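> Any chance you can model this:
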Amino acid sequence: MQNQKSFRFIKVIPAVFYYLLIAFPIIAFADDVTLQWDANDPVPDGYRLFLRLDGETYDYANPIWEGEDTTHLVQSLTVGVNYHFVVRAYVGDDESGDSNEVDYTPSGGIMDSDGDGINDDEDAFPDDVTEWLDTDGDGVGNNQDADDDGDGMPDSWEALYGLNPLVDDAQADLDGDGLTNLAEYQGGSDPATSDEAPPAIDVDSDGDGINDDEDAFPDDVTEWLDTDGDGVGNNQDADDDGDGMPDSWEALYGLNPLVDDAPGRP
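Residues are numbered from 1 along each chain as shown. Here you go, the predicted structure:
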């Protein structure tokens with residue numbers, strides 16, 4: 001989890017050293033936080049890190065850390081307490097003013113990496129802001145999955161007939177007519193009423209614009225027709241009608257590539 005805040009100050013100290021420091025937390029987890037700031041130019045003798053709590057002032061005589069690095073891990077903070085940090089650069093006895101102040105409140109390890117409002121430990125897709133749930137565990141998030149519960153019945157169809165798209169109820173029999181809900185879907189009947197015709201529903205599983213009942217390849221968006229029934233869709237088949245003459249040759253000479261007209265050739 002990254003939480004970045006930029007803070008700036010410029011301080012003139014003896015020898016006309018100009019200090020520009022930017023401090024911000026770069027890594028935070030549970031009760032630890034790593035702080036980082038920009039290196040000074042020219043390079044100082046070192047940096048001092050100070051901490052205060054709400055309502056307190058900084059004790060500049062007692063930094064919580066001092067060294068030459070431009071990053072420091074602060075550990076064992078208390079969850080829910082708001083901490084404030086500043087950094088100062090120093091050369092000998094001369095010390096710059098404060099960097100910008102950084103605020104950090106440990107959250108106890110609650111992380112939401114993608115910012116979708118769902119904590120990572122409850123998010124099936126912690127790095128995808130558009131997804132957080134995968135009911136059927138197929139690796140496709142519910143927002144993109146046309147069948148969230150993986151029961152073979154599209155969510156839109158289940159919702160239309162009052163079934164639960166998040167529960168595998170394929171083998172249930174909503175209207176008690178002896179046909180399972182899945183059988184009703186596959187047969188195009190109403191799973192809620194055994195004596196009423198279902199409303200017309202156009203199902204296009206592969207989204208190619210051809211309804212499944214008219215699509216020779218209902219799960220292949222690139223194919224929908226197989227004129228010669230050889231199992232190869234017309235878009236890939238070089239001889240759609242299977243008459244032994246390539247489609248390109250038939251089209252060149254005015255023959256119909258979708259009709260077996262081999263016996264009529266000159």
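
> Does residue 89 belong to a helix, a strand or coil?
Secondary structure, DSSP: H, G, I helix; E, B strand; the rest coil: residue 89 is strand.

> what bits of the stretch 51-200 of the chain have low per-residue confidence?
108-110, 195-200 (pLDDT under 70).

> Would you map the strands across it?
65-67, 71-74, 83-91, 94-95, 102-104 (DSSP state E, counting those that start in this stretch).

> Columns mean neighbour count on top of these, output as TSV?
All C-beta atoms are positioned from the backbone trio N, CA, C, and that covers glycine. TSV is the format used below for the strands of the stretch 51-200 of the chain (neighbours: other C-beta atoms under 10 Å):
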stretch	mean neighbour count
strand 65-67	14
strand 71-74	16
strand 83-91	22
strand 94-95	16
strand 102-104	18
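
> Please render those as a markdown table that adds distance to residue 220 to the earlier fields.
Output for the strands of the stretch 51-200 of the chain, formatted as a markdown table (distance: least, C-beta to C-beta, whole Å):
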| stretch | distance to residue 220 |
| --- | --- |
| strand 65-67 | 62 |
| strand 71-74 | 53 |
| strand 83-91 | 58 |
| strand 94-95 | 71 |
| strand 102-104 | 53 |
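
> Of all those strands, which one comes closest to residue 253?
strand 71-74 (76.1 Å; C-beta to C-beta).

> which secondary structure elements does the closest one contact?
Applying 3 or more C-beta pairs under 8 Å, 6 or more residues apart in numbering; DSSP states H and E, we find strand 71-74 packed against strand 32-37, strand 46-53.

> Helices along the stretch 1-150 of the chain, start to end?
Under the criterion DSSP state H, counting those that start in this stretch, the stretch 1-150 of the chain carries no helices.

> And the stretch 151-266 of the chain, by the same measure?
Using DSSP H, counting those that start in this stretch, helices in the stretch 151-266 of the chain cover 155-160, 181-187, 247-252.

> hey, which of those is tucked in deepest?
helix 181-187 (a mean of 18; mean count of other C-beta atoms under 10 Å).

> then stretch 212-230 to CSV, C-alphas only?
Output in CSV follows, covering the C-alpha atoms of stretch 212-230 (Å, rounded to 0.1, in the frame of the first residue of the first chain):
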residue,chain,number,x,y,z
ASP,A,212,-27.4,-19.2,-30.4
ASP,A,213,-30.3,-21.0,-32.1
GLU,A,214,-29.1,-19.7,-35.5
ASP,A,215,-25.4,-19.9,-34.7
ALA,A,216,-23.4,-23.0,-35.8
PHE,A,217,-20.7,-22.0,-33.4
PRO,A,218,-22.5,-20.3,-30.4
ASP,A,219,-19.3,-20.1,-28.4
ASP,A,220,-17.0,-18.7,-31.1
VAL,A,221,-17.3,-15.0,-31.8
THR,A,222,-15.5,-15.4,-35.1
GLU,A,223,-17.8,-18.0,-36.6
TRP,A,224,-21.5,-18.6,-37.0
LEU,A,225,-22.1,-20.4,-40.3
ASP,A,226,-20.9,-23.8,-41.6
THR,A,227,-22.5,-24.3,-45.1
ASP,A,228,-21.0,-27.7,-45.9
GLY,A,229,-21.2,-29.1,-42.3
ASP,A,230,-17.6,-30.0,-42.1
